[in-house]
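S.K.: 3D, please:
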Amino acid sequence: MKISLAQIKPVKGNTEANLAIHKNYIRQAAQAGSDCVFFPELSITSYESALAEQLAMKEGDTILDELQELSNQLSISIGVGMPIAGRKKPKIGMAIFQPLQMRHYYFKQQLHSDEFPFFEAGEQQVLIPVKNYQIAPAICYESLQPDHSENAYQLGANLYLASVAKSQQGVDKAMAYFSSIARKYSIPVMMVNCIGPCDDFEAAGQTAIWSNEGNLIEQLGNKQEGLLFYETDKDKASTLLI
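M.R.: Coordinates of the predicted model:
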């Protein structure tokens, strides 16, 4: 299987512009032979907590239909980040599009304390089946909590995907931790981060992949937009700067 991780620079609060960015990256990923492509946390709106309520979409929002059409046409699975309307506050979600299947979602289960005023938590782990793999999504803060990866592994995950919006300090913590998780469960770990302004910090990129032995296979820089490709059967990675 070939996986693409899309390190983008989202436009603050501009869903239309960000959808155009996403569609370009999806086409590039498919052209490179990818079976799936994943984007950073809240990639469709950018990570802006104070704007989440006004930008939140409903689960069946037709604005996302174009992504399902691309998934169908290009035979590629897609995971994008967005705020989704909840019971009282939005949830931090990943919308998952798979060829000729109904759209489904993963919602961040463990929120950082800074997120409590703006978001409500999700309640259930999901696995994303692609070829012979079960990919467990995690969204930023929760990906650094040991019980999240433990639960994903117990459910049968054999790939762990952290979709994040992290500063340099956050990336530094993630680098050592994700290596240890890969070793502990003998599964590859992937982190896809954005670049540019987010909330009150600067996202630091450095999208990366660790082997099931915990070795860093490949990593993008902290200012580059592009795709990081991972071929699971060869345990090899490559990059495409965009």
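S.K.: so how far is the helix or strand where Ile21 lies off the chain centroid?
M.R.: Using DSSP states H and E, the element containing Ile21 is helix 15-31. Computed by Cα atoms, centre = their mean, to the nearest Å, the chain-centroid distance of helix 15-31 equals 14 Å.
S.K.: now stretch 186-203: buried residues?
M.R.: Using 16 or more other Cβ atoms under 10 Å as the test for burial, stretch 186-203 gives 187-196, 198-199, 203. Glycine gets a C-beta too; all of them are placed from N, C-alpha and C.
S.K.: show me those that map onto helices.
M.R.: Of these, none are assigned to helices by DSSP state H.
S.K.: which one in the residues you listed is the model shakiest on?
M.R.: Ranked by pLDDT, these bottom out at Asp199 (93).
S.K.: settle this for me: it is touching Tyr47, isn't it.
M.R.: Yes: judged on Cβ atoms under 8 Å, Asp199 makes contact with Tyr47 at a distance of 5.7 Å.
S.K.: show the average pLDDT along the helix holding Ile21.
M.R.: Here the average pLDDT along helix 15-31 is 98.
S.K.: kindly report the same for stretch 222-240.
M.R.: On average, stretch 222-240 scores 96.
S.K.: got the end-to-end distance for that stretch?
M.R.: Length of stretch 222-240, first residue to last, Cα to Cα, to the nearest Å: 14 Å.
S.K.: same check on stretch 11-19?
M.R.: Note: stretch 11-19 ends 10 Å apart using Cα to Cα.
S.K.: in that stretch, what's buried?
M.R.: Thr15, Asn18, Leu19.
S.K.: touching, the second one and Tyr47? I think so.
M.R.: Yep, that's Asn18 we're talking about. No: with contact defined as Cβ under 8 Å, Asn18 does not reach Tyr47; the gap is 11.5 Å.
S.K.: what residues are bridge-paired with the residue nearest the centre of the chain?
M.R.: The chain has Ser163 as the residue nearest its centroid, 3.0 Å off, counting by Cα atoms, centre = their mean. Taking DSSP bridges as the rule, Ser163 bridges to Ile139, Val192.
S.K.: so what's it up against?
M.R.: Residues near Ser163 by Cβ atoms under 8 Å, 6 or more residues apart in numbering: 38-41, 43, 79, 81, 94, 137-140, 192.
S.K.: quick check: the farthest pair among those residues?
M.R.: Ser43 and Ala138 (15.0 Å; Cβ to Cβ).
S.K.: excluding covalently adjacent residues, which one is nearest to the residue in the chain sticking out farthest from the centre?
M.R.: No residue in the chain sits farther from the centre than Lys88, which is 24.2 Å out by Cα atoms, centre = their mean. Leaving out its chain neighbours, the residue that sits closest to Lys88 by Cβ to Cβ, 6 or more residues apart in numbering is Glu120, at 6.1 Å.
S.K.: list residues touching both of Asn18 and Tyr47?
M.R.: Common neighbours of Asn18 and Tyr47 (Cβ under 8 Å, 6+ apart) are Pro10.
S.K.: is the spatially closest residue to Tyr133 that is not a sequence neighbour bridged to anything, and to what?
M.R.: For Tyr133, ignoring the flanking residues on the chain, the nearest one in space by Cβ to Cβ, 6+ apart is Leu159 at 5.2 Å. Counting by DSSP bridges, Leu159 forms beta bridges with Ile135.
S.K.: and Ile78, by the same measure?
M.R.: Val37, Phe97.
S.K.: my guess is it meets Val37, correct?
M.R.: Yes: under the criterion of Cβ under 8 Å, Ile78 makes contact with Val37 at 5.7 Å.
S.K.: overlap of the contact sets of the two?
M.R.: Overlap of the contact sets of Ile78 and Val37 (by Cβ under 8 Å, 6+ apart) consists of Ile26.
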